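[1] here's my sequence, what's the structure:
(3 chains)
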Amino acid sequence: MFAKILNDVGRSCPLVHCITNCVTVNDCANVLLACGASPVMADDEREAEEITSIASSLVINIGTLNSRTIPSMFRAGRKANELGLPVILDPVGAGASQLRTLTAIHLMREIDFAVIRGNISEITAIAGGKCGTRGVDASDPGVLMGDLPASVSSLINSLRENTGAVITVTGPKDIVSGENGMYVIKNGHPMMSKVSGTGCMLTALTGAFCAADPSDPAAAAASAAAMFGVAGELAFDRLTKAGGGTSTYRSYIIDEVSKMTPEKMREAAKIEIR
Amino acid sequence: MFAKILNDVGRSCPLVHCITNCVTVNDCANVLLACGASPVMADDEREAEEITSIASSLVINIGTLNSRTIPSMFRAGRKANELGLPVILDPVGAGASQLRTLTAIHLMREIDFAVIRGNISEITAIAGGKCGTRGVDASDPGVLMGDLPASVSSLINSLRENTGAVITVTGPKDIVSGENGMYVIKNGHPMMSKVSGTGCMLTALTGAFCAADPSDPAAAAASAAAMFGVAGELAFDRLTKAGGGTSTYRSYIIDEVSKMTPEKMREAAKIEIR
Amino acid sequence: MFAKILNDVGRSCPLVHCITNCVTVNDCANVLLACGASPVMADDEREAEEITSIASSLVINIGTLNSRTIPSMFRAGRKANELGLPVILDPVGAGASQLRTLTAIHLMREIDFAVIRGNISEITAIAGGKCGTRGVDASDPGVLMGDLPASVSSLINSLRENTGAVITVTGPKDIVSGENGMYVIKNGHPMMSKVSGTGCMLTALTGAFCAADPSDPAAAAASAAAMFGVAGELAFDRLTKAGGGTSTYRSYIIDEVSKMTPEKMREAAKIEIR
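    Prediction:
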């Protein structure tokens, strides 16, 4: 099932509209092309709705949100809802500033998201909990290393119920919580947290996967997380042989996405259904 | 002739002012340095004219046009015209939104462009024809694979006559249409369309080549397209040996631009004069 | 001493708030992660102060300054001063436009900088001297090749005295001028000037090093310059073996930062104390 969605992306070549941050926008564009989708980045208020209307899904990432782009996020989001397109939210840095936390919360009130993806700090911040966000990297406490603590679990559940969205929490393990159950994905490599934009890239990929298979956003989100994690593992193997550092690793991760096959996914994906 | 222009760029080291999109701006800066030119990216209205006035050419790329940068495009463009500097237009995504199409058309009315470069969808959109633009990647129909259909040919001609600009249409083959004839360039590799920004990079290079040789923008545009295509071919050869994917390919393309020589161009460039 | 600061960065993992340009923002984020720090890029006026208040240092880079981000620079800078955090200025392109030169000068009047880093053209422009800035690359005249001319030396001294900041002038040799003397760093490789963003990356690293060791910004700035120069040398060695060009070189430089150790620095750093 999970591997099949990758084929669906390749076959349908969905156009993914991203309103995203200027730090990792190029990586998001390239990883979308790598997985077989097409990116379109457009954040001016005067064209946001029109671009959404020709796209197959919308990704809203608040990594460098600002007075000019926030209104575009709302406009594009409402239009996507009107058209029934899946909308994905990446609440980058929520908890680090009022502007980020409140904008994310405001977006969740006004727009129906198919999937919300963040690290544990960000998800905690937008779920109304308290947890220190410290920048936008994924250096989270090892909270997701072992079994999920009950407090985190109930937080994810309440966010899911309040928003109707599938919740993806990424970390050492990735959790994808949908209304029919939870996927735990044990792929990826710790070095991915030393590359800027791995979270943003996964969010963009989630947009592509949901576009290709809009009927089951939880399966699409889990498939995207597993695929990207497998890419991170294969890239790390190649890096070990080549002897590079974090920048070469970044390139190799995108490389492996471009070379991914359903067979590789079937062989390496570790998705547990709970 | 075409290979000579590369030397002219290296010798004159032209400063190329780019008002461009945030997705591929870094690639444009790096490819300009790689070819021997110098980039300057400046898009605030209060400095756009002044920066243009110290530059040797101006590149306007509407990839992420917005309310803040559109006025800067007009100001810089008019200043470049006043000073007689070559101005290049990349109408990224024209046809995908009214804002893009109309801004491109408005720019063409107000500013004299030396070269306009786009894919067939974009060129069709700004020439007043109809053709579905679907995002900003180069996954065009194979319209340019075989001989040029008469309808496309007459569209390019009318755009050239109406604007006075050389028209570069990129695709499986690149067409450069100037007032004294047409160049058909058969270089490049299909995988270039899986890398975000190859079109933008070619536009930036066209700006550098026109700056080095402003007397014949058609030859400069054809030379830039052939050079970049040859870089794409050499990069693909190297990629095949190294076994990478699309991100490594992106790096290798810029690498090959930085290692390009007139000899390599003479050997590999396939420029047909019609 | 200089090698020790690298360990301090790794141990304290400082959060570095960057208000920087859209051209090299991704490189700055990745090089900060590579050296053991954490990046946060936030340039909206409504969150600039709040983000600074959770950071350990602030980097202001005017590479693509604009009407929206300039007020954020002032707000964040004042907040950092209030909190006693080190603030670093990169006056990219000062001298190329009134907006750049005057904004840099205005920033220096309102904000106490720990370190100001630029190339000789930029430093000359903001010190009130005259020197043609030509874009934002580091193709400076060989003024720093041999011994420092008296005119440049006195310019740097007067800028240091007027601002109270340590002054880093980068070029073939890097000069770090603090109130207790001057460091001359003879690391790096000429090919670094063919990669967009090496200056910006060094400024970001200086922010991380000053955050880890705020008591002696001159030593921190010299250590960052030597570390980055050594990375450039090691990357060039690796590039020679691999046979790449400027884009692979960019990746390798960041790679080498991620693999840097105090031992490598001790072995290769060429820091002369004058």
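[2] need the strands for the stretch 101-250 of chain A, in chain order.
    A:115-119, A:166-170, A:174-178, A:181-185 (DSSP state E, counting those that start in this stretch).
[3] what is the neighbour count of A:Ile105?
    16 (other Cβ atoms under 10 Å in any protein chain shown). Quick note: C-beta positions are derived from backbone N, CA and C, even for glycine.
[4] and the gap between it and chain B?
    25 Å (Cβ to the nearest Cβ, to the nearest Å).
[5] that residue contacts A:Ala127, doesn't it?
    No: at 9.6 Å, A:Ile105 does not count as touching A:Ala127 under the criterion of Cβ atoms under 8 Å.
[6] so for A:Arg134, what's the pLDDT?
    At A:Arg134, the pLDDT value in this model is 51.
[7] picking up where we left off before, now mean neighbour count, mean pLDDT and distance to C:Asp213 too, for the strands of the stretch 101-250 of chain A, in a markdown table please.
    Converted to a markdown table, the strands of the stretch 101-250 of chain A look like this (neighbours: other Cβ atoms under 10 Å in any protein chain shown; pLDDT from 0 to 100; distance: least, Cβ to Cβ, whole Å):
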| stretch | mean neighbour count | mean pLDDT | distance to C:Asp213 |
| --- | --- | --- | --- |
| strand A:115-119 | 29 | 98 | 29 |
| strand A:166-170 | 28 | 98 | 33 |
| strand A:174-178 | 25 | 97 | 36 |
| strand A:181-185 | 19 | 95 | 40 |
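[8] just put those in CSV and tack on distance to chain C.
    Shown next, in CSV, are the strands of the stretch 101-250 of chain A (distance: least, Cβ to the nearest Cβ, whole Å):
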stretch, distance to chain C
strand A:115-119, 13
strand A:166-170, 16
strand A:174-178, 20
strand A:181-185, 23
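[9] so, low pLDDT: which residues of chain A?
    Counting by pLDDT under 70, chain A has low-confidence residues at A:129-148.
[10] all helices for chain A, in order.
    Assigned by DSSP state H, the helices in chain A fall at A:2-12, A:25-35, A:48-54, A:70-83, A:98-110, A:120-126, A:150-163, A:198-212, A:217-242, A:246-258, A:262-268.
[11] next, count neighbours for the closest residue to A:Ala127 other than its chain neighbours.
    Spatial nearest neighbour of A:Ala127, excluding adjacent residues (Cβ to Cβ, 6 or more residues apart in numbering or on different chains): A:Leu159 at 4.1 Å. Number of residues near A:Leu159 (other Cβ under 10 Å) recorded here: 22.
[12] ok, A:Leu159 - contacts?
    The contact partners of A:Leu159, by Cβ atoms under 8 Å, 6 or more residues apart in numbering or on different chains, come to A:Ile116, A:Ile123, A:Ile126, A:Ala127, A:Ala165, A:Ile167.
[13] make it 10 Å
    A:108, A:116, A:118, A:123-124, A:126-129, A:165, A:167, A:169, A:177 (Cβ atoms under 10 Å, 6 or more residues apart in numbering or on different chains).
[14] same check on A:Phe236?
    A:Gly188, A:His189, A:Pro190, A:Met191, A:Met192, A:Tyr249, A:Tyr252, A:Ile253, A:Glu256.
[15] could you check how far the first one is from A:Met227?
    Computed as Cβ to Cβ, to the nearest Å, the A:Gly188 to A:Met227 distance reads 11 Å.
[16] these two - which one has more neighbours?
    A:Met227 (29 against 26).
[17] how close does A:Val23 get to chain C?
    5 Å.
[18] okay, now that residue: neighbour count?
    A:Val23, neighbours per other Cβ under 10 Å, totals 29.
[19] that one contacts C:Met41, correct?
    Yes: look at A:Val23 against C:Met41 with Cβ atoms under 10 Å: they come within range, at 5.1 Å.
[20] okay, and the common contacts of those two?
    With Cβ under 10 Å, 6+ apart, A:Val23 and C:Met41 have common neighbours A:Gly63, A:Thr64, A:Val92, A:Val136, A:Ser196, C:Cys18, C:Thr20, C:Cys22, C:Val25, C:Asn26, C:Cys28, C:Ala29.
[21] how many neighbours does the nearest residue to A:Phe2 once chain neighbours are set aside have?
    For A:Phe2, ignoring the flanking residues on the chain, the nearest one in space by Cβ to Cβ, 6+ apart is A:Ser223 at 4.0 Å. By other Cβ under 10 Å, the residues close to A:Ser223 number 31.
[22] same question for the one 10 residues further on.
    Residues lying near A:Glu233 (other Cβ under 10 Å) number 18.
[23] report the contact partners of the closest residue to it other than its chain neighbours.
    Of all residues not flanking A:Glu233 in the chain, A:His189 sits nearest, at 5.7 Å (Cβ to Cβ, 6+ apart). Going by Cβ under 10 Å, 6+ apart, A:His189 touches A:172, A:198, A:229, A:231-237, A:239, A:249, A:253.
[24] A:Ala219 touches A:Thr206, doesn't it?
    No: A:Ala219 lies out of contact with A:Thr206 (Cβ under 10 Å); the separation is 11.3 Å.
[25] between the two, what contacts are shared?
    Common neighbours of A:Ala219 and A:Thr206 (Cβ under 10 Å, 6+ apart) are A:Val166, A:Val176.
[26] one step back: quick one, what contacts the residue nearest to A:Phe2?
    A:1-6, A:8-9, A:176, A:183, A:185, A:205-206, A:209-210, A:212-213, A:216, A:265, A:269, A:271.
[27] any of those residues buried? List them.
    A:2-3, A:5-6, A:8-9, A:176, A:183, A:185, A:205-206, A:209-210, A:212-213, A:216, A:265, A:269, A:271 (16 or more other Cβ atoms under 10 Å in any protein chain shown).
[28] tally up the residues packed near the residue in chain A that chain B sits nearest to, please.
    Among all residues of chain A, A:Asp255 sits closest to chain B, at 3.0 Å; criterion: Cβ to the nearest Cβ. Using other Cβ under 10 Å, A:Asp255 has 26 neighbouring residues.
[29] tally of neighbours for A:Gly10?
    15.
[30] phi, psi of the closest residue to it other than its chain neighbours?
    Spatially, and ignoring its direct neighbours in sequence, A:Gly10 is nearest to A:Gly36 (3.8 Å; Cβ to Cβ, 6+ apart). Taking degrees, to the nearest 10, you get phi 100, psi 0 for the backbone angles of A:Gly36.
[31] how close does A:Gly36 sit to B:Thr261?
    From A:Gly36 to B:Thr261 the distance is 36 Å (Cβ to Cβ).
[32] please verify my assumption that A:Ala34 contacts B:Met191.
    No: A:Ala34 lies out of contact with B:Met191 (Cβ under 10 Å); the separation is 11.2 Å.
[33] where do the contact lists of those two overlap?
    Joint contacts of A:Ala34 and B:Met191 (Cβ under 10 Å, 6+ apart) are A:Ser258, B:Gly245, B:Thr246.
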